[in-house]
Structures are given as C-alpha cells and as structure tokens.
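*Asks:* What shape does this take:
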Amino acid sequence: MTRALPEPAYRRLVPGLGTVGLRPFDLAEDVTTLHGWVTQPYARYWGLLDASVADVHAEYLRIEQNPHHHAFLGEHDGRPAFLMERYEPAYDAVGQTFDVAPGDVGMHVLVGPPVTPVPGFTAAVFETIMDYLFSDPLVDRVVVEPDVRNLKIQALNERMGFRKHSVVQLPDKQAWLSFCTRDQYADALRMNEAG
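*Replies:* You can find the predicted model right below:
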C-alpha cells in the first residue's frame, strides 16, 4: 500500500497544457525522482551531478529540517515535473550580499527532463511558481541567484520580470543576484501576453 502524498499547496489550470501545481516535497517518495533529475548533464548548475541517492536524500533532509527553507515538488497533470525551493534570504548566504528587506523570498527552480517536449511548458512552470509565491500577501519581492554561466535561466528570469542587480560570490558559485517585484512580474506577464 502506498502512502498518500501531501495535498497540493498551489494548483492552476494552464490552457492548452493542463494542470500545473506544487506540493510539499515528500522525502520518502520523491528523492529517487529528484536524483534522476539532478544527475543529468543539463542540471549541472544544481551541483549534484555525481550525487548518489543517499547524497540527495541527505541534502533534502537538511532542507526539510530547516525552518527557513522549503522544497516543493511540481506536478503536471499529477506527474512529477519540476522542483521549487522557497527560502528566506536572511538565513541564507545570499542574504550577506544585499540588504534583505521584509517581504523578500528566495527561489530556486529545476525543471525535470520532459518525456515529450511541450512548447511553453517551462514558462508555465515559472508562472505557476511566481503566482504561488506572490499569492502570499507578505511577499513583495522574489530573489534569485543563478550561476553566472547559466544563460538559459537568466533569460527566463528576465522574461518573467527579474532585473539583474550584481554579480555576487556565494560559497558554491559566482551568481547573478536578481530581483523581481510584484509590479515587475505583472508588467512582464502583460508584455509576454502581448507577444
């Protein structure tokens, strides 16, 4: 008998794509799936290419035990499709590189490898994450710090309204510190819809 997975924390219907949602990461059920993603060459910036399942389990156990960092499994029509981490920058190394303001929330995202590529899927995932984060009335600004070499995520961040602030040195990488306010995100959505 399998255990019931946590209920979705957020779900939205994306016309033409189906249902995209987020639920709390379940360490026992999801670690093997995540291991399969983070050890793929495309996920090199995640820093776990050579990790064992036990290594990934240990990393996400550490996150599970941290009250300031939370992992969520993203699903597409009920199937695992991406990972999102939400964290409080004041309790993270990135918080030493800028003046953290009340209402700041940090975010990491990793989209799983597609079984069949779906045009517009990654943008729909990103919008779902941003909608979820901004559904919290206490969140005013989303903070990201992608590796300076990760040009794909930087382009997606920019498309979703993020503005580059500065290159910062973190313990594991040199990163582009970038911010997106509610207004910047809303403006980006309007521009994206306008084409």
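*Asks:* what about this protein, any weak spots by pLDDT?
*Replies:* 1-8, 195 (pLDDT under 70).
*Asks:* can you pull out the helices in it?
*Replies:* Assigned by DSSP state H, the chain shows helices spanning 27-38, 53-64, 121-134, 151-159, 182-194.
*Asks:* in the fourth one, what counts as buried?
*Replies:* Just to be clear, that refers to helix 151-159. Of the residues in helix 151-159, those buried by neighbour count under the rule 16 or more other CB atoms under 10 Å are Ile153, Gln154, Leu156, Asn157. Bear in mind the C-beta positions are built from the backbone N, C-alpha and C, glycine included.
*Asks:* Equivalent analysis for the last one, please.
*Replies:* Judged by neighbour count (16+ other CB under 10 Å), helix 182-194 contains these buried residues: Arg182, Gln184, Tyr185, Ala188.
*Asks:* what's the closest of those to Val142?
*Replies:* Taking CB to CB as the measure, Val142 lies nearest Tyr185 of these, at 7.7 Å.
*Asks:* List the contacts of that closest one.
*Replies:* Tyr185 makes contacts with Met130, Phe134, Val142, Met160, Gly161, as judged by CB atoms under 8 Å, 6 or more residues apart in numbering.
*Asks:* Hmm, the third one is touching Arg182, no?
*Replies:* No - the pair Val142 and Arg182 fails to qualify as a contact (CB atoms under 8 Å) at a distance of 9.0 Å.
*Asks:* which residues do those two both contact?
*Replies:* With CB under 8 Å, 6+ apart, Val142 and Arg182 have common neighbours Phe134.
*Asks:* Val100: which of the buried residues of helix 151-159 is nearest?
*Replies:* For the buried residues of helix 151-159, the nearest to Val100 is Asn157 (18.8 Å; CB to CB).
*Asks:* Is the closest one in contact with Val144, as I believe?
*Replies:* Yes - if you go by CB under 8 Å, Asn157 and Val144 touch, sitting 5.8 Å apart.
*Asks:* Mutual contacts of these two, please.
*Replies:* Both Asn157 and Val144 are in contact with Ser178, Cys180, where contact means CB under 8 Å, 6+ apart.
*Asks:* Could you find the closest non-adjacent residue to Tyr91?
*Replies:* His68 (3.9 Å; CB to CB, 6 or more residues apart in numbering).
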